[in-house]
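Peer 1: just to be clear, the model below is a prediction. Sequence and coordinates:
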Amino acid sequence: MTVYKVLPYLRLRKDLVVRGAICLLFAVMSGCTPRGKAPEQTGDETKTIFFATHMGEHPGWIPAFAALARRYEELHPGWKVRLHYQPLDGYQVWAETQFISGRGPDILDFGGGDAFRFGARMGLLVPLTEQLHEQSPYAPGKRWKDTFYPIVWKNAEDPIYGELWWVPFNFFTVRIFYNKQLFARAGITRPPTTWKEFLAVQQKLLDAGIVPYLMPNSNNNPHKYIFTCMEFLSDMMFQDRVPEIDTVIRDGQVDGIESNISIYKGLTRLDDPQMLAVLHLLKGWSKYWVRGYNGLDRQQSKMLFANGIGAMYMDGSWETEGLAEAVDFDWGVFPMPLVTKETTPYADGPRNDGSYNLSFSIGKVAERRGHLAQVVDFLQFLTSPEAADTLRSYVSFISALEDYPVPDELKSFAPASGFPWSYNAWAVSPQSASMEGGDVLFSLLQGYCAGSISERDLLERYGKTYRELTVEELRFALRENAQRVLEGRRRLIATRAVRDSLARVLGADPDTTTATYTEFARLNRHVAFQEESLRRANLQFSALLETLSRPPAWERGPHTSCTGTQPALLSRVPYRSTGNRFRSPTASVEGAQQWLHQN
């Protein structure tokens, strides 16, 4: 377990002021635009790559990106990279405004959900799927996609359009940070490894007059850590359910469409004892959380921990450097303790670390500026071993590149992988990017953990939203997937035509250039990729059409209700049939055309 010797907390504010002034001066000198001000896009836009990031709030990242920009300019004379820092607060609104005005960045850092929304839903990003299936010139010998940890691609493909809208850059993992001095004061000699030990440790801390756990659970948190905890617990308790839920693509994982279908068919129900076990673990744990946790935000929990008030809190590997400079005690980290059969009969085993990574997307403005190929090349450089070497001179980070070594100081954050996959059954997967379900569940969990609402109240009130959103999201997915089938078929026909034309050229002139043979091989790979993408789209279209051609489980009798055996207590979702003619669904292009025409 890593032990960090750290600086006195009283130096933090002065150090941050000095560092901020230095970073601002460095940014101005390196061509980075100040925070909050959009980059001025003047001069020859075709030879300038505009690169936006929200990582300026973390020490070292802006100078690191500036160094990478300078190195790329050295490798590609005549090209310029303009770096712009935009704070995370309001970042998505800023990006949307910039793109709509036609001034958006060529490259920006986005999370998966934002990339889906900006790319698939709004058409503001360039899909990167085909580029990722080609080699990067900065890491030859493998497909670009295969240079990264396989875990980062779990559910990364947009389940409706089948596209990848972002490329991973580094790997963040979430751990529980703990104060070693407070542990020692309570007589605790090592961090817990199982859930039973985890609760016992917190009881010892409580008995010693120490706040055991700082849970930030206020509405002010952009990231809801209680959802992270639910996800982690589900990862260790629902692995056995994957085979019966993974019925569409059958790849050993549960995607959003498969999860929602399982709710609609009654395979996933809120009143299932396995589902309730997750609630019960949260409830039992909550008695060790700091008083007033529903009013505590993430920054406050971090500040309390830095001041020695509270023995544990949850955060990511991105906080290690800042925290090391903010506290004057030894601390360490440990992963979410393993749920075992000692705690619940539904325990399955260890979990894989999720993909909490900084990732980059490419704005469609790069096409308008006529330099998309160069922007892709710059992104390939950013995700190369050479770039990782440069970054390590400025920041401590875990590269998303699978073969790149994890720094010694971050060994405790190395991503865990190789275990069976699971899924979060408590969430309706938001194919339409709706956040309604999460907002409703979060509010109810606040009351449930605090004891102001009962388990029955939570199930009944969330059940209504759970059912309504499941139907809405599946209908949305069906409409969009029908479009994907048609678009996928159109692209496949076009690519085949170009390939077959080139094949005729090669047949007529066997002595043609090597470049022509290389292009033919590339087109062959694209055809194979597009055929597989269309196959998956057909499978999803068929499954969605079959599912929605029948009433949902909760309309077929009280014993299949996803919220209990008394559905009369809940408002019902009107069922809208998709029509008898689709009871034997077709996954053909004609079927998709017919459905879209009639709906």
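Peer 2: It's in.

Peer 1: low pLDDT regions in the stretch 401-550 of the chain?
Peer 2: 511 (pLDDT under 70).

Peer 1: where along it do the helices fall?
Peer 2: 436-450, 455-508, 514-548 (DSSP state H, counting those that start in this stretch).

Peer 1: burial count for residue 508?
Peer 2: 8 (other Cβ atoms under 10 Å). Bear in mind the C-beta positions are built from the backbone N, C-alpha and C, glycine included.

Peer 1: and residue 239, by the same measure?
Peer 2: Neighbour count for residue 239, taken as other Cβ under 10 Å: 21.

Peer 1: my read: it touches residue 350, true?
Peer 2: No - judged on Cβ atoms under 8 Å, residue 239 makes no contact with residue 350 at a distance of 9.6 Å.

Peer 1: need the residues touching each of these two.
Peer 2: Both residue 239 and residue 350 are in contact with residue 419, where contact means Cβ atoms under 8 Å, 6 or more residues apart in numbering.

Peer 1: circling back: in JSON lines: the helices of the stretch 401-550 of the chain, plus distance to residue 140.
Peer 2: Shown next, in JSON lines, are these (distance: least, Cβ to Cβ, whole Å):
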{"stretch": "helix 436-450", "distance to residue 140": "42"}
{"stretch": "helix 455-508", "distance to residue 140": "24"}
{"stretch": "helix 514-548", "distance to residue 140": "14"}
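
Peer 1: any idea how far residue 438 is from the residue most central in space within the chain?
Peer 2: Centroid check for the chain by Cα atoms, centre = their mean gives residue 112 as the closest residue, at 4.5 Å. According to Cβ to Cβ, to the nearest Å, residue 112 stands 15 Å off from residue 438.

Peer 1: same question for residue 53.
Peer 2: Applying Cβ to Cβ, the value for residue 53 to residue 438 is 26 Å.

Peer 1: these two - which one has more neighbours?
Peer 2: Applying other Cβ under 10 Å to residue 53 and residue 438 shows that residue 53 carries more neighbours, namely 23 against 16.

Peer 1: what's near enough to touch that one?
Peer 2: 61, 62, 65, 83, 84, 85, 86, 108, 109.

Peer 1: tell me which of these fall in helices.
Peer 2: 61, 62, 65 (DSSP state H).

Peer 1: residues making contact with stretch 89-101?
Peer 2: Outside stretch 89-101, the residues that reach it (Cβ under 8 Å, 6+ apart) are 38, 52, 54, 86, 104-105, 108, 110, 114, 118, 122, 124, 222, 363-365.

Peer 1: again but with stretch 68-81, I slipped
Peer 2: For stretch 68-81, the surrounding residues in contact (Cβ under 8 Å, 6+ apart) are 30-31, 47-49, 51, 83, 374, 377-378, 381-382, 386-387, 390-391.

Peer 1: let's see that with 6 Å instead.
Peer 2: If you take Cβ atoms under 6 Å, 6 or more residues apart in numbering as the criterion, stretch 68-81 is touched by 47, 48, 49, 51, 83, 378, 381, 387, 390.

Peer 1: compute the first-to-last residue distance for that stretch.
Peer 2: Terminal residues of stretch 68-81 are spaced 9 Å apart (Cα to Cα, to the nearest Å).

Peer 1: show me what counts as buried in that stretch.
Peer 2: The neighbour-count check on stretch 68-81 (16 or more other Cβ atoms under 10 Å) flags 68, 69, 72, 76, 79, 81 as buried.

Peer 1: how much space between the last one and residue 65?
Peer 2: With distances defined as Cβ to Cβ, the gap from residue 81 to residue 65 amounts to 9 Å.

Peer 1: can I get stretch 353-369 in PDB, CA atoms only?
Peer 2: Included here for stretch 353-369 are C-alpha records, laid out as PDB according to Å, rounded to 0.1, in the frame of the first residue of the first chain:
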ATOM      1  CA  ASP A 353     -12.400  -1.200 -12.600                       C
ATOM      2  CA  GLY A 354     -14.600   1.000 -14.700                       C
ATOM      3  CA  SER A 355     -13.500   3.300 -17.500                       C
ATOM      4  CA  TYR A 356     -13.100   6.600 -15.700                       C
ATOM      5  CA  ASN A 357     -10.800   8.100 -18.200                       C
ATOM      6  CA  LEU A 358      -9.900  11.400 -19.800                       C
ATOM      7  CA  SER A 359     -10.900  11.100 -23.400                       C
ATOM      8  CA  PHE A 360     -10.800  13.200 -26.500                       C
ATOM      9  CA  SER A 361     -13.300  13.800 -29.300                       C
ATOM     10  CA  ILE A 362     -13.000  15.600 -32.600                       C
ATOM     11  CA  GLY A 363     -15.500  18.300 -33.600                       C
ATOM     12  CA  LYS A 364     -17.100  18.300 -37.000                       C
ATOM     13  CA  VAL A 365     -15.700  21.800 -37.500                       C
ATOM     14  CA  ALA A 366     -12.500  20.000 -38.400                       C
ATOM     15  CA  GLU A 367     -14.200  18.800 -41.600                       C
ATOM     16  CA  ARG A 368     -15.400  22.300 -42.400                       C
ATOM     17  CA  ARG A 369     -11.900  23.600 -41.900                       C
END
